[in-house]
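J.: the sequence and its predicted three-dimensional model are supplied below.
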Amino acid sequence: MKTSVWRAVAPIVVAVVIAILPVPDGLTPKAWYYFALFTAVLVGLILEPLPAAAIGVFGVTAAAALLLVQPPPAKPAKPPAEKPAAVATDNARKADSPPKVPAVAKDNEGKAPAAPSAGKPASPKPEEGGPKPLTPAEAIRWALSGFSDGTVWLIFIAYMFAMGYEKTGLGRRLGLRLVKALGKRTLGLGYAVALSDLLLSPFIPSNTARSGGTIYPIIENIPGLYGSSPDNEPRKIGSYLMWTAIATTSVTSSLFLTGLAPNLLALSLVQKGAKVGISWSEWFTGFLPVGAILFLTVPYLTYKLFPPTIKVSADVHRWAGEELEKLGRITRREILMAVTAVFALLLWIFGGDYFNATTVALMALSLMIVTGVVTWNDVIGNKQAWNVLVWFGTLVTLAEGLNRVGFLKWVSEAVARSVTGVPVMTMVVLLVVFFFLIHYIFASITAHVTGLLPVMLATGMAVPGMPVKLFAMLLCYTLGIMGILTPYATGPSPIYYGSGYISRTAYWSLGLFFGLYFLAVLVVVGVPYLRYLNP
C-alpha cells in the first residue's frame, strides 16, 4: 500500500475499530462515537494525508452531520435522606387516623375535573424523559463556535505581525545588528542568535516563521565564511549555530504567550475546560525565572557540549555590516512597524484591565493597515494566516466537544479513583512529566494540545485539592520547550535538522539532554515559584 493511501486509510480504520468496541459504562453511545471520530482526527493531524485545516473541517462537519455532540442525560436526583426515628413514629401515628380527603379544585364552571382513566398514566413532561434531542441547527452552531473564539482571531492577527516584520525588513535588520554587535566571538554569535529570536518572539507566534523564516536565512550564510558546510567540517561553526537557534526558539516559545501559536490554543482550552484565565503578563511572569535560566544557559551549554572548533568569528562582524549597508537607512515603514509592535506589547502587559488581548491585536492590525505597513490585499492574500484561522477554529471546537458529550468528565472520574492517596503535588509533577515526554510520539504541538491537554486538565481537576491554575500553567509552559526533543517536534525542527549540520545521532542525543534539562528546570524552579504566585 502506498504511503499516501495508508495515511488516508489509517484514521478511518482507527475510528471504525474504536466505534465497534463495547461502549464503556458511564458513557452514552454518541459520546463513544464522538471519541472515535476525535481520535481519527488526531491520527489524521499526525499523519497528515490532507492539510491539517481540511482534516479539522471534515471532523466538525462529520460530528455535526451525525449529531454526535448530544450532551449526556443529567444524573437522576438523589433520593431524600431517611427521616429520623422520631419523625417516622409521628408519621405512623398520623397514619392510624382516617385520611383526609383533599379538596378538589374546580374549573371555571364549578365542576371538578375528570379523573384520569384507569390504567392510563399521565404523560410525563418533556424534560422528565431526558435531554431534548439535538437539532441540526444546534449542531451547526456548535460546529462554527470556534470561529467566535477570541483566541483564534488573536492567532490570526499575530500572523499579520509576522508579515509586517517580513515585508518591512525590520526582522532582518534587528538580527543583523545583533550579529554585528556580538559576533566577533563564536559564543557571542550564539547569544546574538538567541537575542534575535527573543526580540521577535512576542510578536511572531509561529516559531516556524520566526526562527525558520527569519533567523535561519541569516545564520545559514555564516558557516560558509569559514569553509564550514554540511559536507565539510560542519562542527567548525555551523553545527553550533544551528543547535543554538533551535534550542533558543524552544525557550522563547514558552516564555511568551504569543511566542507559539499552540500556546494560544492551549489558553483557549484552559479557559473553556478549567474556567481559568491567564493574561499575557501572567503568562510571562509565571515563566520568567525558568525562561531566564534557560535562555541564558542555552548558548553556553551548547558551546560546551557541542563546541565549535572556531572560537573567534571576526569575519561575521564584517559580513553583517555589509548586509546592513545593503539594507540602507531605516525606512518609515520599519519605524511604523516598530511603534505598532511596542504599542501592542505595552497594552498586552499593562492594559489587561481595559482591553482584551484580541482587541489590542485588532487595534494594532488596524494601525498597520491605516499607516500602510501592510495593505488590505496583503491581509486577504496571506494564505497561511487564513489556513491557520480555519485550522485552529475547528480544533477548538473539536476539543470542546469532548467536554460537551461528557467524555472528559468520565475520564477524569476514572483517573481520580485510581490515584486516591497520592500527594497532590506529586500528581502535578507526574502528570506534567508524562505530558512532556509523550511528545515523542507527536509530530505537531498543535495535535498534542488538541488531543491531550483537555484530558490532562480534566484528570487534574478530578484530584481533590488540585491547584488547577498552577497545574494548567505548568502544562502550557511545556509546549514550547518540548519542541527540542526530536527532529520533528516543532515547526523549525525539520529546517535545522535538514540543514545537514546536525547529524541524526547528535540531534537525538542533544534533544534528550536538553529536553530533560528544560523539564528539570521547569519542575525544580517553576513549581515552587508558581506555588508562591498562586498560594
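T.: Done, it's in. Numbering: from 1, shown residues only.
J.: where does pLDDT dip in this protein?
T.: Residue ranges of the chain with pLDDT under 70: 1-3, 74-131, 151, 349, 352, 412, 415-416, 419-420, 441, 443.
J.: just to be sure, residue 204 is in a strand?
T.: No - per DSSP: H, G, I helix; E, B strand; the rest coil, residue 204 lies outside any strand segment and is coil.
J.: around it, how many other residues sit close by?
T.: Using other Cβ atoms under 10 Å, residue 204 is surrounded by 31 other residues. Placement of C-beta: from N, CA and C, glycine included.
J.: so it is in contact with residue 160, correct?
T.: No - here residue 204 does not reach residue 160: they are 10.3 Å apart, not a contact under Cβ atoms under 8 Å.
J.: shared neighbours, these two?
T.: With Cβ atoms under 8 Å, 6 or more residues apart in numbering applied, the contact sets of residue 204 and residue 160 do not overlap.
J.: quick one: the helices in the stretch 401-535 of the chain?
T.: 407-418, 424-437, 445-461, 468-481, 493-498, 504-521, 527-533 (DSSP state H, counting those that start in this stretch).
J.: again but with the stretch 101-250 of the chain, I slipped
T.: Ranges of helices within the stretch 101-250 of the chain are 136-143, 150-168, 170-182, 186-200, 207, 216-219, 238-255, based on DSSP H, counting those that start in this stretch.
J.: how about CSV for those, with distance to residue 273 and mean neighbour count added?
T.: Listed next are these as CSV, based on distance: least, Cβ to Cβ, whole Å; neighbours: other Cβ atoms under 10 Å:
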stretch, distance to residue 273, mean neighbour count
helix 136-143, 16, 15
helix 150-168, 13, 23
helix 170-182, 35, 21
helix 186-200, 31, 24
helix 207, 25, 29
helix 216-219, 35, 20
helix 238-255, 20, 28
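J.: off-centre distance for stretch 383-391?
T.: For stretch 383-391, the separation from the chain centroid amounts to 16 Å (computed by Cα atoms, centre = their mean, to the nearest Å).
J.: okay, buried residues for it please.
T.: By neighbour count on 16 or more other Cβ atoms under 10 Å, the buried set for stretch 383-391 is 385, 387, 388, 389, 390, 391.
J.: residues in contact with it?
T.: For stretch 383-391, contacts defined as Cβ under 8 Å, 6+ apart pick out 51-53, 56-57, 147, 152-153, 155-156, 159-160, 163, 206, 209, 261, 379, 446.
J.: with stretch 200-211 instead?
T.: 155, 158-159, 161-162, 165-166, 171, 174, 197, 213-215, 245-246, 248-250, 252-253, 255-256, 258-261, 263-264, 341, 344-345, 348, 384, 388, 480, 483, 490-492, 495.
J.: switch to 6 Å and redo it
T.: Outside stretch 200-211, the residues that touch it by Cβ atoms under 6 Å, 6 or more residues apart in numbering are 158, 161-162, 171, 197, 249, 252-253, 256, 258-261, 341, 345, 491-492.
J.: longest helix anywhere in the chain?
T.: Determined from DSSP state H, the single longest helix within the chain is helix 280-305.
J.: now, which of the buried residues of stretch 383-391 sits nearest residue 293?
T.: The closest of those to residue 293 turns out to be residue 388 (Cβ to Cβ; 31.1 Å).
J.: quick one: that closest one and residue 152, what's the gap?
T.: Computed as Cβ to Cβ, to the nearest Å, the residue 388 to residue 152 distance reads 9 Å.
J.: hang on, the earlier thing: secondary structure and distance to residue 294 added to the buried residues of stretch 383-391, as TSV?
T.: Converted to TSV, the buried residues of stretch 383-391 look like this (DSSP: H, G, I helix; E, B strand; the rest coil; distance: Cβ to Cβ, whole Å):
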residue	secondary structure	distance to residue 294
385	helix	29
387	helix	31
388	helix	27
389	helix	31
390	helix	33
391	helix	29
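J.: between those, which is nearest residue 306?
T.: Among these, and counting by Cβ to Cβ, the member closest to residue 306 is residue 388, at 33.0 Å.
J.: distance check, the nearest residue to residue 259 once chain neighbours are set aside against residue 529.
T.: Once flanking residues are discounted, residue 259 sits nearest to residue 201: 4.1 Å by Cβ to Cβ, 6 or more residues apart in numbering. Distance from residue 201 to residue 529, counting by Cβ to Cβ: 21 Å.
J.: show me which of the two is the more surrounded one.
T.: Neighbours were counted for residue 201 and for residue 529 using other Cβ under 10 Å; residue 201 has more, 24 against 18.
J.: can you pull the phi/psi pair for the more buried one?
T.: phi -60, psi -30 (degrees, to the nearest 10).
J.: ok, now how distant is it from residue 194?
T.: 10 Å.
J.: quick check: neighbours shared by the two?
T.: By Cβ under 6 Å, 6+ apart, no residue touches both residue 201 and residue 194.
J.: run through who's touching stretch 454-467.
T.: 269, 273-274, 399, 402, 408, 411-413, 415-416, 424, 427, 435, 468, 471, 475.
J.: whichever of the residues you listed end up buried, select them in ChimeraX.
T.: Here is the ChimeraX command that selects the buried residues among the contacts of stretch 454-467 (16+ other Cβ under 10 Å):
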select :269,273,274,399,402,408,411,412,415,416,427,435,468,471,475
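J.: returning to what we had before: and residue 300, which of the helices of the stretch 101-250 of the chain is closest to it?
T.: Closest to residue 300 of the helices of the stretch 101-250 of the chain, according to Cβ to Cβ: helix 186-200, at 7.1 Å.
J.: which SSE is immediately downstream of the closest one?
T.: Note on helix 186-200: by DSSP states H and E, the next helix or strand toward the C-terminus is helix 207.
J.: what is the burial count for residue 29?
T.: 11.
J.: ignore what I typed, I meant residue 301.
T.: Count around residue 301 with other Cβ under 10 Å applied: 18.
J.: the stretch 1-150 of the chain: strands as residue ranges?
T.: Shown for the stretch 1-150 of the chain, no strands are assigned by DSSP state E, counting those that start in this stretch.
J.: ok so, going back, what's the spacing between the residue nearest to residue 259 and residue 242?
T.: Where residue 242 is concerned, residue 201 sits at a distance of 18 Å (Cβ to Cβ).
J.: how about residue 186?
T.: Applying Cβ to Cβ to residue 186 and residue 242 gives a distance of 13 Å.
J.: residue 429 now?
T.: Using Cβ to Cβ, we find residue 429 at a distance of 32 Å from residue 242.
J.: residue 298 too?
T.: Taking Cβ to Cβ, one finds residue 298 at 13 Å from residue 242.
J.: angle of the longest helix of the chain against helix 186-200?
T.: Orientation of helix 280-305 against helix 186-200 (axes from the mean of the first three to the mean of the last three Cα atoms, to 10 degrees) gives an angle of 160 degrees.
J.: list the buried ones in helix 280-305?
T.: 280, 282-284, 286-287, 290-291, 293-295, 298-299, 301-303.
J.: what about residue 251, distance to residue 291?
T.: 6 Å.
J.: okay, the helices of the stretch 401-535 of the chain in a markdown table with distance to residue 35 next?
T.: Output for the helices of the stretch 401-535 of the chain, formatted as a markdown table (distance: least, Cβ to Cβ, whole Å):
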| stretch | distance to residue 35 |
| --- | --- |
| helix 407-418 | 5 |
| helix 424-437 | 19 |
| helix 445-461 | 10 |
| helix 468-481 | 21 |
| helix 493-498 | 30 |
| helix 504-521 | 29 |
| helix 527-533 | 32 |
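J.: quickly note the distance from the residue nearest to residue 259 to residue 305.
T.: 24 Å.
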